[in-house]
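In: Sequence plus predicted model, see below.
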Amino acid sequence: MPLTRISVPQHLSRESACRLADAVHQGLVATCGVPDDDRFQLISQFSPDFMIINPTFGGVSRTRDCSIVEVLFLRGRTDDQKRALYRAVVRGAQDAGFSADDVFVSLSENEHIDWSLGGGSAYKHLSQGNSD
Amino acid sequence: MPLTRISVPQHLSRESACRLADAVHQGLVATCGVPDDDRFQLISQFSPDFMIINPTFGGVSRTRDCSIVEVLFLRGRTDDQKRALYRAVVRGAQDAGFSADDVFVSLSENEHIDWSLGGGSAYKHLSQGNSD
Amino acid sequence: MPLTRISVPQHLSRESACRLADAVHQGLVATCGVPDDDRFQLISQFSPDFMIINPTFGGVSRTRDCSIVEVLFLRGRTDDQKRALYRAVVRGAQDAGFSADDVFVSLSENEHIDWSLGGGSAYKHLSQGNSD
């Protein structure tokens, strides 16, 4: 139930975009306790005019391949988990051909009660049993 | 001033997407005290490659029609209101031809001061009078 | 590292959309302490069916040009800064030809640790030195 939005420049190949999505998911699994089958991702393409990205802010060097990853997930990951997530996503993105500096990540958080994964029920922890 | 994003697969008809948007709005009105004319929704279509949705995570059974509803609204709804919202949205979606398991909902919250509905003024409660 | 999404109706010219993006960025710089080179914006176009906007809710009068600005930024801006931001964005949008009532803004907040601007490192305050 992390919900991930990945925004890529339109010149990027479909395969590269999907491999970045793989890297994000694998990073979440490896560092944030996300189950492997808990994958919900949306990828959008943007024309150069409509994706305005400063090339150097924050001391990094971005190319026209720079992509933006937004993850909405449950509150409770530690700072160390988030740092490990950034490293893992970038490692995976590099394996997919991205420059490390072309992966911009932003996280937002909400609560268990803020998710319904289907069927009209609020999300249940495994530890919560079946009470809805 | 809830702001709703609805992400649908591109094979879904325009009418189905709009009927899902109706269901979400009517659910917010019925369960969360949203005025009927307080409607702000954005619908986006995704190709299969760019909408990656696990078919079974969370104990539900999703089809290729599965759509993702994201609502950003004011902090303060109770857990019971959120549960009622999920049920209401799914009932409306079923009336529009969706399977109950094909409606994925995620909520995020912010504060009154975080909204400007137009004119460059922060949103005002009716109870707050005209002070901006 | 504010991340801004701007959703515009598809009939709006590319130039108008980009000038609205300029107005949002300049407003953030002028009122919220955002550095001028800290600019990350995504613009999306919507067909009329897929951008459902009530024309009058909140006591404003929206036209078909109404556009939605969503800003995700660091927690900590004061209410006064947010009010100043709304005014500044609208002033800039008016200079770009928008009606004041056609600029809808919503803010969300997260924390320093929730951003990685590239390179797989968490965002560092200038005041934090180089410890990651």
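Out: Good, I have the coordinates.
In: so who does the nearest residue to residue A:70 once chain neighbours are set aside touch?
Out: Nearest residue to residue A:70, sequence neighbours excluded (Cβ to Cβ, 6 or more residues apart in numbering or on different chains): residue A:5, at 4.5 Å. Any C-beta I mention is one placed from the backbone N, CA and C, and that applies to glycine too. Shown in contact with residue A:5 (Cβ atoms under 8 Å, 6 or more residues apart in numbering or on different chains): A:41, A:42, A:43, A:44, A:69, A:70.
In: Apply 7 Å and report the result again.
Out: Neighbouring residues of residue A:5 by Cβ atoms under 7 Å, 6 or more residues apart in numbering or on different chains: A:42, A:44, A:70.
In: Give me the angle between the helix or strand where it lies and strand B:3-9.
Out: Using DSSP states H and E, residue A:5 falls within strand A:3-9. Angle, strand A:3-9 to strand B:3-9, by axes from the mean of the first three to the mean of the last three Cα atoms, to 10 degrees: 80 degrees.
In: Look up phi and psi at the nearest residue in space to residue A:1 that is not next to it in sequence.
Out: Nearest non-adjacent residue to residue A:1, counting by Cβ to Cβ, 6+ apart: residue A:115, 5.0 Å away. Torsion angles at residue A:115 (phi, psi; degrees, to the nearest 10) stand at phi -130, psi 140.
In: which parts of chain A sit against chain B?
Out: Residues of chain A found near chain B (Cβ under 7 Å from any Cβ of the partner chain) are A:3, A:14, A:18, A:21, A:37-43, A:72, A:108, A:110, A:113-123, A:132.
In: close to chain C, is the strand or helix carrying residue A:82?
Out: Using DSSP H and E, residue A:82 maps to helix A:79-95. Yes - applying Cβ under 7 Å from any Cβ, one finds helix A:79-95 in contact with chain C at A:79, A:82, A:83, A:86, A:87, A:90.
In: In strands, which of the residues of chain A next to chain B fall?
Out: Counting by DSSP state E, the part of the residues of chain A next to chain B found in strands is A:3, A:40, A:41, A:42, A:43, A:72, A:108, A:110, A:115, A:116.
In: Need the max-distance pair from those.
Out: Maximum pairwise distance among these (Cβ to Cβ): 22.6 Å, between A:43 and A:116.
In: between the two, which one's more packed in?
Out: residue A:116 (26 against 22; other Cβ atoms under 10 Å in any protein chain shown).
In: The more buried one reaches residue A:122, doesn't it?
Out: Yes - counting by Cβ atoms under 7 Å, residue A:116 touches residue A:122, with 5.7 Å between them.
In: what's the overlap in contacts for the two?
Out: Residues touching both residue A:116 and residue A:122 by Cβ under 7 Å, 6+ apart: residue B:86.
In: separation between residue A:62 and residue B:83?
Out: Residue A:62 sits at a distance of 43 Å from residue B:83 (criterion: Cβ to Cβ, to the nearest Å).
In: same question but for residue A:13, I mixed them up
Out: Using Cβ to Cβ, residue A:13 is found at 42 Å from residue B:83.
In: the more surrounded of the two?
Out: More crowded of residue A:13 and residue B:83, by other Cβ under 10 Å: residue B:83, with 17 against 10.
In: for the residue nearest to that one when sequence neighbours are not counted, what are its contacts?
Out: Among residues not flanking residue B:83 along the chain, residue A:122 sits closest, at 5.1 Å (Cβ to Cβ, 6+ apart). Applying Cβ under 7 Å, 6+ apart to residue A:122 gives the contacts A:113, A:116, A:132, B:82, B:83, B:86.
In: Take the residues you listed and write them to JSON lines, including distance to residue C:29 and pLDDT.
Out: As requested, the contacts of residue A:122 are exported to JSON lines (distance: Cβ to Cβ, whole Å; pLDDT from 0 to 100):
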{"residue": "A:113", "distance to residue C:29": "37", "pLDDT": "97"}
{"residue": "A:116", "distance to residue C:29": "39", "pLDDT": "98"}
{"residue": "A:132", "distance to residue C:29": "47", "pLDDT": "37"}
{"residue": "B:82", "distance to residue C:29": "37", "pLDDT": "98"}
{"residue": "B:83", "distance to residue C:29": "42", "pLDDT": "98"}
{"residue": "B:86", "distance to residue C:29": "40", "pLDDT": "98"}
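In: list the buried ones in stretch A:117-127?
Out: Residues A:117, A:118, A:119, A:120, A:121, A:122, A:123, A:124 are the ones in stretch A:117-127 that count as buried (16 or more other Cβ atoms under 10 Å in any protein chain shown).
In: quick one: residue A:76 and residue A:33, what's the gap?
Out: Counting by Cβ to Cβ - residue A:76 and residue A:33 are separated by 9 Å.
In: so where is chain A shaky, pLDDT-wise?
Out: Where chain A drops to pLDDT under 70, the residues are A:125-132.
In: Have a look at it and report its longest helix.
Out: helix A:14-32 (DSSP state H).
In: Give me the helices and strands touching that helix, please.
Out: Applying 3 or more Cβ pairs under 7 Å, 6 or more residues apart in numbering or on different chains; DSSP states H and E, one finds that helix A:14-32 makes contact with strand A:3-9, strand A:40-46, helix A:79-95.
In: tell me the angle the first one makes with strand C:40-46.
Out: Orientation note: strand A:3-9 sits at an angle of 90 degrees relative to strand C:40-46 (the same axes, to 10 degrees).
In: relative to helix A:14-32, how tilted is strand A:3-9?
Out: Strand A:3-9 and helix A:14-32 are oriented at 140 degrees to each other (the same axes, to 10 degrees).
In: No further queries at this time; thank you.
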